[in-house]
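A.B. asks: would you be able to build a 3D model of this:
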Amino acid sequence: MQDVANAAQTQQWAFILSQLFDWVMTGLAWIVPFQAKVFNSILQGDSFWALAGTAILLVLPAGAFIAGIWGTMVALYTIPFRLGRSVTLMQSVALAWWDALRMVWFYWAGLVRFVIVLIGWVWGLIKLSGRLLVGTIKGAITSPLAMLDATSRRPGVPWPAFFMLVFWSMIEATIFTFTLKPTMSELLADLTGYEVNAFALTVLLWLFLWVLVAGSFACIQVLNDAVKSKQYGQIVSMVAVEIAVALFEVLFLYRELVDAMTPWLAQQGIQLGVFGTIGLAFFAWVGVRGMTWFLFGRFGAPALIALLGRKALEVEGGHAHGPAPQMADYWKGPIAALKAEREWFRKEARELFELVSMPVLQVVAAGLNFLFVVFTGRPHFTLPFKSMDDVMAATHFPARVTGEVARGEAR
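C.D. replies: Residues are numbered from 1 along each chain as shown. Below you'll find the predicted structure:
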């Protein structure tokens, strides 16, 4: 009889638990299709931007709403087991819903605030970039003028004349490269028997002519120094070298320019013979070389020779004036301002990070509060968060709860 009674009691408890389970599952089963319907209606859009905007605005609030429904239903089913704390439980559920509604509103307001601050940030960066660009362009334009002003007030290395000499040698080399290229191409083709690479010929010919033109200025400078020091042997040798350089440039370079003018002279009734062509080419060489020499060659050639010989350039009257004036650095101001506002950028970056993180974290915390209500009977997070420090502090349980857990483990 006792076995029969135990079996009947077991069956009765099994029936009660089965009915209780069916009752609980019936009360929770409707949430699954409901949440599927909610997210399906949210995650629909005709375009990528419409879908992205809807997801940003509604996915987190919908997730908090679904979490609230799950937490509320499960909490209601735990009321029979919390008869002495049912009022506190319902208060916690109501407060959790209030926090969820507030955090959803703060989430939308935080997105608007973030967009406004981001626009201001981008505008500030554009203005700063504009100031840097304007300062750089202004400095690039005015710095050479300031350098010329400084070098004109104090004797020293004549850098303007040096660069003008180098630049003029490049110009002459470029002009005579295109003038002499057809002749050299035909000559090398006859000597080698095959067509010479045009690019390699242009580069090699340009380098050769640049050295030739720069060397012509160097010969004049050495001849000038030899005349001043009355070194007659060097005067004779430099005159011979300069005559050879002049003949080479006249015959192979300047003559080509005169030949280009021959048809026009023929139309004017002027016929140039050999001596006329050579004489006109020599006259052109003397005019160009004399003009460039007296303008910048006599100042730049000593600097070029000293630089190639790795010697210090001696300048007469080098100590006649005071120190060189300080040149204005027009782009130094914007760069200094950028360095000075580094802390401001760091602070703004932290604020921007908080603006984009706080709304999201607050909605997530509001949804997690429903889970804490189910297990502990009260929300864990105190909302809203005022700063990221509040978020970091809220990741641990309060000291009272931790102490109670520790005492329970000690028992």
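
A.B. asks: host element of residue 71?
C.D. replies: helix 48-77 (DSSP states H and E).

A.B. asks: tell me how far that helix is from the chain's mean position?
C.D. replies: Mean C-alpha position of helix 48-77 versus that of the full chain (Cα atoms, centre = their mean, to the nearest Å) differs by 39 Å.

A.B. asks: next secondary structure after it?
C.D. replies: Moving toward the C-terminus from helix 48-77, the next helix or strand (DSSP H and E) is helix 86-153.

A.B. asks: what's the mean pLDDT across that next one?
C.D. replies: Mean pLDDT, helix 86-153: 78.

A.B. asks: between it and helix 48-77, how big is the angle?
C.D. replies: 150 degrees (axes from the mean of the first three to the mean of the last three Cα atoms, to 10 degrees).

A.B. asks: helices or strands up against helix 86-153?
C.D. replies: Contacts defined by 3 or more Cβ pairs under 8 Å, 6 or more residues apart in numbering; DSSP states H and E place helix 86-153 against helix 48-77, helix 159-192, helix 332-340, helix 342-376. (C-beta placed from N, C-alpha, C; glycine too.)

A.B. asks: next up, phi/psi of residue 385, please.
C.D. replies: Dihedral angles of residue 385 (phi, psi; degrees, to the nearest 10) stand at phi -70, psi 140.

A.B. asks: next one: residue 43
C.D. replies: phi -90, psi 50.

A.B. asks: wait, it sits on residue 56?
C.D. replies: No - Residue 43 lies out of contact with residue 56 (Cβ atoms under 8 Å); the separation is 11.7 Å.

A.B. asks: what's around residue 121, how many residues?
C.D. replies: 15 (other Cβ atoms under 10 Å).

A.B. asks: got any ranges where this protein has weak pLDDT?
C.D. replies: Judged by pLDDT under 70, the chain has its weakly predicted residues at 1-17, 19-25, 27, 83-84, 139-140, 142-157, 310, 312-344, 395-411.

A.B. asks: just the element for residue 390, please.
C.D. replies: Per DSSP H and E, residue 390 falls inside helix 388-393.

A.B. asks: what's the residue closest to the geometric middle of this protein?
C.D. replies: residue 129 (10.9 Å; Cα atoms, centre = their mean).

A.B. asks: OK, contacts around residue 248?
C.D. replies: Contact partners of residue 248, counting by Cβ atoms under 8 Å, 6 or more residues apart in numbering, are residue 212.

A.B. asks: so which bits of the helix holding residue 390 are buried?
C.D. replies: 390, 391 (16 or more other Cβ atoms under 10 Å).

A.B. asks: tell me the gap between it and the middle of its chain.
C.D. replies: On Cα atoms, centre = their mean, the centre of helix 388-393 falls 33 Å from the chain's centre.

A.B. asks: residues making contact with that helix?
C.D. replies: By Cβ under 8 Å, 6+ apart, the residues outside helix 388-393 that reach it are 353, 354, 357, 358, 361, 382, 385.

A.B. asks: equivalent analysis for stretch 277-292, please.
C.D. replies: Among residues not part of stretch 277-292, those counted as contacts by Cβ under 8 Å, 6+ apart are 165, 168, 216-217, 220, 246, 249-251, 254-255, 257-259, 262, 272, 297.

A.B. asks: now, those that are in helices?
C.D. replies: The helices, defined by DSSP state H, take in 165, 168, 216, 217, 220, 246, 249, 255, 257, 258, 259, 262 from those.

A.B. asks: close enough to count as contact, the fifth one and residue 300?
C.D. replies: Pointing back at residue 220 there. No - using Cβ under 8 Å, residue 220 makes no contact with residue 300, being 11.4 Å away.

A.B. asks: those two: which is more packed in?
C.D. replies: More crowded of residue 220 and residue 300, by other Cβ under 10 Å: residue 300, with 27 against 20.

A.B. asks: and that one, what does it touch?
C.D. replies: By Cβ under 8 Å, 6+ apart, the neighbours of residue 300 are 158, 161, 162, 163, 164, 165, 166, 217.

A.B. asks: of these, buried ones?
C.D. replies: Here, 16+ other Cβ under 10 Å leaves 158, 161, 162, 164, 165, 217 buried among those.

A.B. asks: out of these, flag the one nearest to residue 95.
C.D. replies: Closest approach to residue 95 among those (Cβ to Cβ): residue 162, at 81.9 Å.

A.B. asks: quick one: the helices and strands packed on helix 86-153 as CSV, columns for distance to residue 282 too.
C.D. replies: Written out in CSV, the entries for these read as follows (distance: least, Cβ to Cβ, whole Å):
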stretch, distance to residue 282
helix 48-77, 76
helix 159-192, 16
helix 332-340, 52
helix 342-376, 65
